[in-house]
Each structure stands twice: as structure tokens, then as C-alpha cells.
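> A predicted structure for the sequence below; I have some questions about it.
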Amino acid sequence: MIGRTTPVLEPPVVDRAPEALADRWVAATSTRITGEEIVFAGHYPDFPIFPGVCVVDCAIGGALAAPPPDAAPLTLAAVDSARFVGAVYPGDTLDVTLEWRRREDSWRCQAVASTERGKAASVRLRFREASC
């Protein structure tokens, strides 16, 4: 997903493998924003900012890189919400903390994206298990 269909050049790195905690799974990934991504060309030329849609894409990529171990292959069903509270700049590492919960027919993932300056976004994702 990353790099082929999205402007993010580097794939997410799984920093914390999914771990079971009571009624949920938690994991963490990170993605380096190189500054060479095509979205920076012309996007505020003198003040480049990583677009929010790309932050959401990093959250999705991180979720797909660190799914709960007992989940079948997952496909994105919906981005239920996204709230942006801080900027992401070229050279930042975007850390994404993932909290997975199983629902009747889907997996819900709460993703919190942050940089060394603090929280950048929170994204609620919904995935369904791919049918064979």
C-alpha cells in the first residue's frame, strides 16, 4: 500500500507488535516523513506541511502492518473520524499508537498519530475481515 498508491515513500515500521490487553490489542508503528514525498511540491512552498489525508494514510498503513494476530486478512471499511490537532513537517517521524477492538462483524482501530512535538491526529478506523 505505502509508496505504490500513496504519496508516502517509506513503509511503516512496527515498533510494538500487537499485544493483548483485556478486551483489546495494542500496537505501535512509525513512519519517517522524508520531505521527498510528492505532496510537498507546491504544498505551501515556503512552509511545507504534510497533508492530513496523508496522516490518515499513515494510520491506515500502520494498522495494516500491525493487525491483531487473531484477525483474518483485513480490508479498510471506513474512516469513521479524523481529528487533526498538530502539524507534521518534512523530516518528522510519525508515531502511530493503535488500539484494536473486535466488534460483531468488524475490527475497530483507534489510531493516535504524534511527532516529537506531540499529538498530530486521532483517527478511528473500521476494518472488515476479507472473505476467502
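In hand now; what should we look at?

> Name the residue closest to the centre of this protein, please.
Ala59 (0.8 Å; Cα atoms, centre = their mean).

> can you list the weak-confidence ranges in this structure?
Low-confidence segments of the chain (pLDDT under 70): 1-6, 43, 132.

> give me that answer again for 50
1-4 (pLDDT under 50).

> Got phi/psi on the residue lying farthest from the centre of it?
When distances are taken from the C-alpha mean of the chain, Asp46 lies farthest, 26.4 Å away, according to Cα atoms, centre = their mean. Phi and psi for Asp46, reported as degrees, to the nearest 10, are phi -100, psi 0.

> how close does it get to Val96?
From Asp46 across to Val96, the span is 28 Å (Cβ to Cβ, to the nearest Å). Heads up, the C-betas are built off the backbone N, CA and C, glycines and all.

> So what's the residue count around Ser122?
Ser122 has 17 neighbouring residues, counting by other Cβ atoms under 10 Å.

> Assess the claim that it and Val112 are in contact.
Yes. If you go by Cβ atoms under 8 Å, Ser122 and Val112 touch, sitting 5.1 Å apart.

> Would you state the helices of the chain in chain order?
For the chain, the helices defined by DSSP state H cover 52-65.

> Run through the bridge partners of Val13.
Ser30 (DSSP bridges).
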